[in-house]
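> just coords:
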């Protein structure tokens, strides 16, 4: 997207649905019309569209996406297409079925965008050279919350979501329920290194883990259950995972501890697995 839109001029902004997580500013179309986009940066899960007179802050929420179309070749707008950002060479369309995303404006006159209320409390980026075990150790002092919840909060390190946190904690051999303040310098160094390793490709390390997608006896409108485990973890937990039509099918409940907070048994037959981003707790977890 950066290679297509950076340096281009906004022809028009059309807002079809203002009711996102926060209402889209009414004056945003007039603010952006005729302005040149300098560059697009990222801060955590926020996209920062930098213009000379301010920054457009966008967040995709759970279901949002920006889709690019050549100028004049965009398809007819669908029911979940809420914003069209029309440039001189292309159109960027914001699609968000659940409307958990955001599109806000920060004026240059209000100072550095990093001081915006949504960005001011964000932690360091995982790939920043300044992120290491020592920094993570200082950020977890005095915090009684579980280490996974501290990672999800985003003020110690930014952008580590549910899957990244589960992957990193498993890689570091740390129980996600351990209070953050109980992690010493050694475990913090191990966890920081695991976060950096997992960050570029959290689920593509075939030697350690594989994504398991199970399709239970689904009827129209039902949710698909998704499981994540490895052959080694399955053996440890005595999970009855068998290869089935090129994927894995969980035919019995996991007996290990739930890794992802809030995960529940799906309850559908024949599936009795643990639903949504769950990792089986292996032996030796600390």
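Looks like it arrived, so ask away. Model, not experiment: these values are computed from the prediction.

> Surely residue 2 and residue 39 touch.
Yes - between residue 2 and residue 39 there is a contact at 7.0 Å, judged by Cβ atoms under 8 Å. All C-beta spots, glycine's among them, are computed from the backbone N, C-alpha and C.

> Tell me who's in contact with the residue lying closest to residue 57 once chain neighbours are set aside.
Spatial nearest neighbour of residue 57, excluding adjacent residues (Cβ to Cβ, 6 or more residues apart in numbering): residue 104 at 4.6 Å. With contacts taken as Cβ atoms under 8 Å, 6 or more residues apart in numbering, residue 104 has the following neighbours: 22, 24, 25, 56, 57, 58, 118.

> Inside strands: which ones of the residues you listed?
In strands, judged by DSSP state E, the following of those are found: 56, 57, 58.

> For the last one, give its distance to residue 118.
With distances defined as Cβ to Cβ, to the nearest Å, the gap from residue 58 to residue 118 amounts to 11 Å.

> repeat for residue 63
19 Å.

> Quick check on those two: which one has the bigger neighbour count.
For residue 63 versus residue 118, neighbours defined as other Cβ atoms under 10 Å are more numerous around residue 118 (16 against 13).

> how near is that one to residue 107?
15 Å.

> repeat for residue 87
Applying Cβ to Cβ, the value for residue 87 to residue 107 is 21 Å.

> of those two, who's got more company?
Counted by other Cβ under 10 Å, residue 87 and residue 107 do not tie: residue 87 has more neighbours, with 19 against 11.

> Model confidence for that one, exactly?
At residue 87, the model reports a pLDDT of 95.

> intersection of neighbour lists for residue 58 and residue 118?
46, 102, 104.

> In strands, which of these appear?
When DSSP E defines the strands, the subset of those inside them is 46, 102, 104.

> my guess is the second one meets residue 62, correct?
No - between residue 102 and residue 62 there is no contact under Cβ under 8 Å: 12.0 Å.

> between those two, which one's more packed in?
Comparing residue 102 with residue 62 by other Cβ under 10 Å, the one with more neighbours is residue 102, at 19 against 10.

> Show the pLDDT at the closest residue in space to that one that isn't next to it in sequence.
Nearest non-adjacent residue to residue 102, counting by Cβ to Cβ, 6+ apart: residue 59, 4.3 Å away. Residue 59 carries a pLDDT score of 95 in this model.

> my guess is residue 59 contacts residue 43, does it?
No - Residue 59 lies out of contact with residue 43 (Cβ under 8 Å); the separation is 10.3 Å.

> So, low pLDDT: which residues of the stretch 51-200 of the chain?
200 (pLDDT under 70).

> So which residues of it form helices?
Applying DSSP state H, counting those that start in this stretch to the stretch 51-200 of the chain gives helices spanning 133-139, 147-153, 162-172, 185-198.

> report the angle between the axes of the longest one and helix 162-172?
Comparing the axes of helix 185-198 and helix 162-172 via axes from the mean of the first three to the mean of the last three Cα atoms, to 10 degrees yields an angle of 130 degrees.

> which of the residues in helix 185-198 are buried?
Residues of helix 185-198 classed as buried by neighbour count (16 or more other Cβ atoms under 10 Å): 187, 188, 189, 190, 191, 192, 193, 194, 195, 196, 197, 198.

> what sits up against that helix?
Where contact means Cβ under 8 Å, 6+ apart, the residues beyond helix 185-198 that reach it are 126-127, 131-137, 140, 147, 151, 157, 160, 164, 167-169, 171-174, 183, 286.

> By neighbour count, sort out the buried ones in those.
For the contacts of helix 185-198, buried by 16+ other Cβ under 10 Å: 126, 131, 133, 135-137, 140, 147, 151, 157, 160, 164, 167-169, 171-172, 174, 183.

> and of the contacts of residue 104, the nearest to residue 16?
The closest of the contacts of residue 104 to residue 16 turns out to be residue 24 (Cβ to Cβ; 9.8 Å).
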